[in-house]
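Peer 1: Structure for the following, please:
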Amino acid sequence: MLPPQDPKTLERRAFLARSGLNLGAMGLASLLAQEQAGAAERPQPHFEPRAKAVIFLFMAGGPSQLELFEDKPKLTELSGQKPPESFMKDRRFAFLKGTETLLGSRRKFGEYGETKTTLSDLLPHHRDIADEVCWLKGMTTDVFNHGPAKIFMQTGSPQPGRPSMGSWVTYGIGSESQNLPGFVVLQSGPRGPRGGSALWSSGFLPSQHQGVPFRGQGAPILNLDSPAGFDQDAQQEFTAAVRGLNSERLKAVGDPEIATRIAAYEMAYRMQVSAPELMNISGEPKHVLEMYGAEPGKASFANNALLARRLVQRGVRFVQLYHTNWDQHGGAESLDGELPIRCKEVDQASAALVKDLKQQGLLDDVLVVWGGEFGRTPMGEERTPTGRDHHIDAFTMWLAGGGVKKGFSLGATDELGFGVTEGKTHVHDLQATILHLLGLDHERLTYRFQGRDFRLTDVHGHVVEDVLA
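Peer 2: Here you go, the predicted model:
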């Protein structure tokens, strides 16, 4: 006498039999389809790329260039005095009222590397990469409030709803990873970034291009693991059955979102194996963990920076790291108290990422971007202790690897650090340049939506040829 069988197993097998679905044939067809598609069906760049992937280290809140990268002796000399009338007239700020005075930095600056790069005492580890980095000291933007400014940096528009840069990239050239999303988001800091999921949204692009947030602790993605008692065989049967049904529906209606749904099911299945292995950094050599300051099992920017390297090694195209609380207005969020904490959290790991990519032979193929949504004003706020307001007219970012010049600095500001005097780089210019380094023409990378063609840079932007190696 045969042993009794689980009714759920009987129901599942009966369902599959009635559906006429041959699991072996479906599995083979899926593998063959992937093999045949491969690189041939992957979107191709417009021209030969210099970089294959991007890691964007985003300092959410607007780090102060005047405490980190810009030594302004004249500002220190005039600290406490009224700024020139032109600084305040007909200009909007987030908090300044027009009665504030100039604020000199209290940080100590030095020149480092063969390039004599100016850095403050808050970034000691950056000294090790001074000659590897391409500095953009003439950055400008249009938006002075955090959420809209972050969205503007990532999507080219201050309003939510547009595709993010990572989505445009995977739409333009796809991903080399079969087992992980092409666009991954990692977060650290006391809270999430203002703007939330709009920062990694696919907007009106197919949803398969949306950024996928990975958690720093526990399961990498919520609900990725199978429920208790749901074995691998059952899951394979379920996935194959759903794929078959979705494929039939796709043939019938032609909705591209069904194709996205099919891909999502299959990616989730593959990620059940690949994601936990990826997130387990305990197998990294001890000297690598120490170089980053990473601690296995702990949520931190250091761990995320190391994970970013592991992600691009596995073919992920765009990795976005957000580290929050760079908004030092004064009071509890002071330049003397809070800013050093933020710098200590990211300085070592940011430098380690560049050094590690170089040691691994990856830096030439990976573009690293570091910066926030805007800078800080030369005027202090009327708070105790004082801090700086948001500033859109001048701030600093840096690039490394991926086809940009090493030890090169573009842009300069006036003696008080208020405005750019040469080498101005607008946010749209940065976006155009990042796409260019990936082999994409920002004017040709478009998507038709609601009757017109959209692009990341809207109708603006130009490639900053000066920074290209």
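Peer 1: residues near Glu114, how many?
Peer 2: Glu114 has 8 neighbours, counted by other CB atoms under 10 Å. For glycine as for every other residue, the C-beta is placed from the backbone atoms N, C-alpha and C.
Peer 1: what's the answer for the one 10 residues further on, then?
Peer 2: Neighbour count for Pro124, taken as other CB under 10 Å: 16.
Peer 1: From Arg191, how far out is the closest residue to it other than its chain neighbours?
Peer 2: Spatial nearest neighbour of Pro124, chain neighbours left out: Asp347 (6.7 Å); criterion: CB to CB, 6 or more residues apart in numbering. Distance, Asp347 to Arg191, using CB to CB, to the nearest Å: 21 Å.
Peer 1: who has more neighbours, those two?
Peer 2: Taking other CB under 10 Å, Asp347 and Arg191 do not tie; Asp347 has more neighbours (21 against 9).
Peer 1: element containing the more buried one?
Peer 2: helix 338-359 (DSSP states H and E).
Peer 1: Which is the succeeding secondary structure element to that helix?
Peer 2: Beyond helix 338-359 on the C-terminal side, the first helix or strand identified by DSSP H and E is strand 366-371.
Peer 1: Quick check: which ranges of the chain have low pLDDT?
Peer 2: Counting by pLDDT under 70, the ranges of the chain that qualify are 1-41, 216-219, 221-232, 235, 260-270, 272-273.
Peer 1: if you set the cut-off to 80 instead, what comes out?
Peer 2: 1-42, 216-244, 246-248, 250, 253-275 (pLDDT under 80).
Peer 1: Kindly provide the distance from the most centrally placed residue in it to Phe58.
Peer 2: The centre of the chain sits closest to Gln320, judged by CA atoms, centre = their mean, with a distance of 2.0 Å. In this view, Gln320 and Phe58 are 6 Å apart by CB to CB.
Peer 1: Equivalent analysis for Leu353, please.
Peer 2: From Leu353 to Phe58 the distance is 13 Å (CB to CB).
Peer 1: Also Leu430?
Peer 2: Distance from Leu430 to Phe58, by CB to CB: 12 Å.
Peer 1: Ile258 now?
Peer 2: Distance, Ile258 to Phe58, by CB to CB: 33 Å.
Peer 1: Who has more neighbours out of those two?
Peer 2: The residue with more neighbours, out of Ile258 and Phe58, is Phe58; 23 against 18, by other CB under 10 Å.
Peer 1: what bridges to that one?
Peer 2: Tyr322, Gly371 (DSSP bridges).
Peer 1: For the stretch 351-469 of the chain, which segments count as strands?
Peer 2: For the stretch 351-469 of the chain, strands defined by DSSP state E, counting those that start in this stretch occupy the ranges 366-371, 375-380, 388-391, 395-401, 408-410, 412-413, 420-422, 425-426, 447-449, 452-454.
Peer 1: Perfect, that will be all.
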